[in-house]
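S.K.: need a 3D model of the following:
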Amino acid sequence: MMFVYTVFFFSTRHLQVFDSGYLYSFSFADDRAPVREKMLVAATRATFKAEFGQSYIKHEYHVTNKNDMSLEAFERWLRSKEEPAPLSEVEKEMESAYRDQKISLPSAIAAQTLKGVIFPIDQDAEAELRKLAAHQVDFVQLSVDTLNEAIKLEAKKERLPPDQLTAAIPRDKPRYSFYLFRHDYSNQHYESIIFIYSMPSSGCTIKERMLYSSCKQPFLQTVLQNCNLQPDKKMEIDSKEVLSYDVLLDYVHPPSQIRDKGFAKPPGPPQRGTRRVTKAVV
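M.R.: Sure, this is the predicted structure:
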């Protein structure tokens with residue numbers, strides 16, 4: 001036997017494995033068959049399905065070894081299709097993070113909103129943020145405590161020169177940082193508050209990335225309401241980026257050629273040459 005088509009209808013007594021009311025198509029093409037006969041099987045398979053109605057055929061089971069043409073082999077194949085595919089480590093981590101987000105949390109711990117996740121800010125952090133809003137300290141850094149579901153104080157500095165700002169931001173962990181940038185520009189003194197959202201390109205979990213991203217906007221709104229702190233500028237950086245005085249200055253006061261560029265009309269090609277007369281004017 002080189003090739004064969006078979007159609008089965010399973011009754012309700014097979015419900016443990018099969019769905020009743022559907023047809024199951026079995027096809028067999030021997031590996032040893034000539035190429036011409038294999039091509040004939042492939043060409044007639046669609047026509048064969050159409051005779052029974054494609055919408056009624058639940059599964060198609062095709063084998064090339066006659067030992068696989070058995071009910072036991074088909075049951076194993078059917079169970080393998082219904083089982084979830086194996087997940088990579090990254091996919092497992094993402095699934096775990098999404099599952100954690102779906103868990104309803106008490107309102108005292110965290111409130112899920114359409115705009116993100118609101119975690120409470122601890123008292124020490126709020127006290128330092130109020131000092132920064134009053135320009136009493138230069139630097140306040142906070143982290144999202146994923147275990148206790150809160151935003152806590154990580155570091156504070158009364159004075160922090162711009163050339164030491166890069167060293168104050170961890171290279172391997174995400175952080176929220178507020179920096180009071182004291183500088184002079186165009187013969188005027190400025191004290192600009194910059195919010196820095198730093199995220200390493202590698203080294204942190206997907207759950208951390210999701211929480212920091214989801215908490216950021218609600219956190220800034222809470223800081224504005226509770227601490228009267230409104231950043232003048234917000235920036236998102238890779239944790240390994242270098243923040244110098246010049247970088248901060250260009251960010252707070254963009255150069256005029258960048259700020260006023262707009263949608264300028266692109267210049268024409270150089271050396272257009274003399275204008276040609278295509279029609280004589282009488």
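
S.K.: so where's the stretch 51-200 of the chain shaky on pLDDT?
M.R.: 51-58, 82-95, 97-116 (pLDDT under 70).

S.K.: where exactly do the strands run in it?
M.R.: Listed in chain order, the strands found in the stretch 51-200 of the chain under DSSP state E, counting those that start in this stretch are 57-63, 111-112, 117-118, 139-145, 150-157, 175-185, 188-199.

S.K.: after the helix or strand hosting Lys216, which helix or strand is next?
M.R.: Per DSSP states H and E: Lys216 is located in helix 206-227. Using DSSP H and E, the helix or strand that follows helix 206-227 in sequence is strand 233-238.

S.K.: which elements pack onto that next one?
M.R.: strand 188-199, helix 245-252 (3 or more Cβ pairs under 8 Å, 6 or more residues apart in numbering; DSSP states H and E). Every C-beta, even on glycine, is put in place using the N, C-alpha and C of the backbone.

S.K.: which non-adjacent residue is nearest Asp178?
M.R.: Quick fix: residue 178 is Phe, not Asp. The shortest distance from Phe178 to any non-neighbouring residue, by Cβ to Cβ, 6 or more residues apart in numbering, is to Val140 (4.7 Å).

S.K.: name whatever forms a beta bridge with that neighbour.
M.R.: Under DSSP bridges, the beta-bridge partners of Val140 are Lys156, Phe178.

S.K.: my guess is it contacts Ala133. True?
M.R.: No: look at Val140 against Ala133 with Cβ atoms under 8 Å: they stay out of range, at 9.7 Å.

S.K.: where exactly do the helices run in the stretch 1-150 of the chain?
M.R.: 35-52, 71-82, 89-102, 123-133 (DSSP state H, counting those that start in this stretch).

S.K.: what helices or strands is the longest one leaning on?
M.R.: Packing partners of helix 35-52 (3+ Cβ pairs under 8 Å, 6+ apart): strand 3-9, strand 23-29.
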